[in-house]
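Peer 1: What would the 3D arrangement of this be:
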Amino acid sequence: MAGSRRKNGELEVVYHFSSFTYDGRFSNNPWLWETPDFLTKVTWDNYALVSPETASSLGINNDDLITVKVGGKTVQLPCYTMPGQARYSIGLVLGGGRKFASASVKAGGGRDRGPGYNTYVVRASNGFDIATDASISSSGHYPLANVQDHWNYKPGSNKLMKNDDSSGLRFDHEVERRSFELVEQVDQEELEKNKTWAAESEHEFWDDTLEAKAENKNPRRLSLFEEKKYEGHKWAMAIDLSTCTGCNACMVACQSENNVPVVGRTEVMHNREMHWIRIDRYFQGTPEEPHVVHQPLPCQQCENAPCEQVCPVGATSHSDEGLNDMAYNRCIGTRYCANNCPYRVRRFNFLDWNKEFRDARNKVRRLLFNPDVTVRMRGVMEKCTFCVQRIQNAKIKAKAEIRNPNPANPPHTGGVNDPLPDGTIETACQMACPTEAIVFGDLADAESRVAKLHADRRSYDLLPEMYTRPRNRYLTRILNPNPKMPKVATEGGH
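Peer 2: Down below sits the predicted model:
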């Protein structure tokens, strides 16, 4: 029914719970409001989901403010043209615009309510989940705080969809092509049949390793930096793109663990969100039958880190364990490191987001901070640290066990740089991941899970052409579609 040809006034309305505030019961939590939606990547608002074809036929566009009329009642809210949305079916997201449940999270702009719009006003008992005979009309413009393209090298140059005279609406070819390079994919049948298949091919880089120099292999390119040989721990991470669902649990866990501030809708619109890990979403295929891929992106902890090479005060440097560390009190806020990071994972404190917590009225609210993590101030750069505070706490505990062994538990023996038992340290994002897509560990331990995943033929570096040698590697996404379903989009075609 929803897919058949319909006129305005005969539209279907389906009510959806919000991905971050549910039915509105969590709308007093700013962490959740600033968490992007799984698919739209919109923050701080609820909206009406409209299919691209329906939007085109009704003359409305993305970020239009529309009026939805259902059963004689109306609600005004922004429009988001959603690939894959059923034609002539409007998805109204619930949970926004509440006056009392969002009392502590004001929308700003003189509005006496919380963020978003109250879509409950058009929800009736005789159409609790689905309503019919609805109409929509454009009533202005309302830009949504969408974070998907904030870290694009060419911001604003690529739209999600473009109108092709020959084939109608299509995804931007450049964005879609790039998604296949960033999120590598392989059919399960190909993976099982071709035993020599590997996600990464040999790169034509000079061999810079210490072993190669000792054997007088390939002459080194001119470089200011010598490779460091790590004697102790080598912390690393692996992210399995086959099991990642893009649920955002890692983002909220990281925000809680590392005192990441909330900046609000206005500052998100200025590309100033502070999340240390983001999840990029890409559409592939066609707007009518899209396929969605997700890619979590924390700091890659590069061994050949471009950010370290441009910092004029040495505020970002390499630790003896391969971590890309930040010295906050040394940072003077030049932002050279952010400009030189090819992964766009560094965040700058444009304002003093935590200033309000110094007020005496906020003594209780100050208790939300993790005492093991520094609270940053205005003018300081920050990023993912692989939860270095957890690493240090585990090492301190291991050292204490050496000095005061517990007869019930065999102590960690030897020096503090000896391998810790695999799984002793878990990052916040790893602990929160419901599918265990994130694995953290020590590469110095050849038997560790992360070392085995790094050696797996599915693993690959992001942007290998940059030769940053990241400590975080991704596992290729495995496709196993039902042969009776439409063909999954593949690189080079639909």
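Peer 1: all contacts plus neighbour counts: C-alpha atoms, from now on.
Peer 2: Will do.
Peer 1: Any chance you could list what contacts the longest strand along the chain?
Peer 2: Looking across the chain with DSSP state E, the single longest strand is strand 130-141. Residues external to strand 130-141 that are found in contact with it (C-alpha atoms under 8 Å, 6 or more residues apart in numbering): 8-15, 58, 60, 63-71, 78.
Peer 1: of the residues you listed, buried ones?
Peer 2: 10-15, 58, 60, 63-70, 78 (16 or more other C-alpha atoms under 10 Å).
Peer 1: If you tally nearby residues, what's the number for Asn259?
Peer 2: Neighbourhood size, Asn259 [other C-alpha atoms under 10 Å]: 18.
Peer 1: so who does the nearest residue to it once chain neighbours are set aside touch?
Peer 2: Counting by C-alpha to C-alpha, 6 or more residues apart in numbering, Phe369 is the residue found nearest to Asn259 once chain neighbours are left out, at 5.7 Å. Taking C-alpha under 8 Å, 6+ apart as the contact definition, Phe369 lies against 256, 259, 375.
Peer 1: ranges for the helices of this protein?
Peer 2: For the chain, the helices defined by DSSP state H occupy 30-33, 52-58, 173-182, 188-193, 210-214, 249-257, 265-269, 306-310, 336-340, 388-403, 428-432, 449-455.
Peer 1: need the least confident one among those helices, by mean pLDDT.
Peer 2: Note on these: helix 210-214 shows the lowest mean pLDDT, a mean of 55.
Peer 1: Now the phi/psi pair for the closest residue to Val345 other than its chain neighbours, please.
Peer 2: Leaving aside its sequence neighbours, Val345 sits nearest to Cys299 (C-alpha to C-alpha, 6+ apart; 5.6 Å). Phi and psi for Cys299, reported as degrees, to the nearest 10, are phi -60, psi 140.
Peer 1: what about Cys299, distance to Lys399?
Peer 2: Per C-alpha to C-alpha, to the nearest Å, Cys299 is found 28 Å from Lys399.
Peer 1: just Arg473 next, same as before
Peer 2: Applying C-alpha to C-alpha, the value for Arg473 to Lys399 is 30 Å.
Peer 1: When those two are compared, which one has more neighbours?
Peer 2: Neighbours per residue (other C-alpha under 10 Å) separate Arg473 from Lys399, with Arg473 holding more: 22 against 19.
Peer 1: which residues does the more buried one form a beta bridge with?
Peer 2: On the basis of DSSP bridges, Arg473 is bridged to Ala238.
Peer 1: Could you do the one 4 residues further on as well?
Peer 2: Beta-bridge pairing of Arg477 under DSSP bridges involves Gln185.
Peer 1: cool, Ala134 as well?
Peer 2: Applying DSSP bridges, one finds that Ala134 bridges with Leu11.
Peer 1: gap between it and Asn118?
Peer 2: 17 Å.
Peer 1: Same question for Met326.
Peer 2: Met326 is 43 Å from Asn118, by C-alpha to C-alpha.
Peer 1: got the residue ranges for the strands in the stretch 351-494 of the chain?
Peer 2: 381-382, 438-442, 459-460, 472-475, 477-479 (DSSP state E, counting those that start in this stretch).
Peer 1: would you turn these into a markdown table with distance to His318 and mean pLDDT?
Peer 2: Formatted as a markdown table, these follow (distance: least, C-alpha to C-alpha, whole Å; pLDDT from 0 to 100):
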| stretch | distance to His318 | mean pLDDT |
| --- | --- | --- |
| strand 381-382 | 15 | 93 |
| strand 438-442 | 16 | 93 |
| strand 459-460 | 22 | 91 |
| strand 472-475 | 15 | 93 |
| strand 477-479 | 31 | 89 |
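Peer 1: Rebuild the ones you listed as TSV, extending it with distance to Val42.
Peer 2: Listed next are these as TSV, based on distance: least, C-alpha to C-alpha, whole Å:
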stretch	distance to Val42
strand 381-382	23
strand 438-442	24
strand 459-460	29
strand 472-475	25
strand 477-479	25
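Peer 1: isn't Trp31 right up against Val262?
Peer 2: Yes. Here Trp31 reaches Val262: they are 6.6 Å apart, a contact under C-alpha atoms under 8 Å.
Peer 1: one step back: in contact with the residue nearest to Val345, which residues?
Peer 2: 276-277, 343, 345-346, 383-385.
Peer 1: Where does the prediction get shaky in the chain?
Peer 2: For the chain, the stretches flagged by pLDDT under 70 are 1-9, 100-114, 153-174, 201-228, 356-361, 402-419, 486-494.
Peer 1: Need the max-distance pair from the contacts of Cys299.
Peer 2: Longest distance between any two of the contacts of Cys299 is 14.8 Å, between Tyr343 and Thr385; criterion C-alpha to C-alpha.
Peer 1: residues contacting the residue lying closest to Ser89 once chain neighbours are set aside?
Peer 2: Nearest in space to Ser89, with sequence neighbours left out and distances taken as C-alpha to C-alpha, 6+ apart, is Glu12 at 4.6 Å. Residues near Glu12 by C-alpha under 8 Å, 6+ apart: 2, 88-90, 130-134.
Peer 1: Great, nothing more from me.
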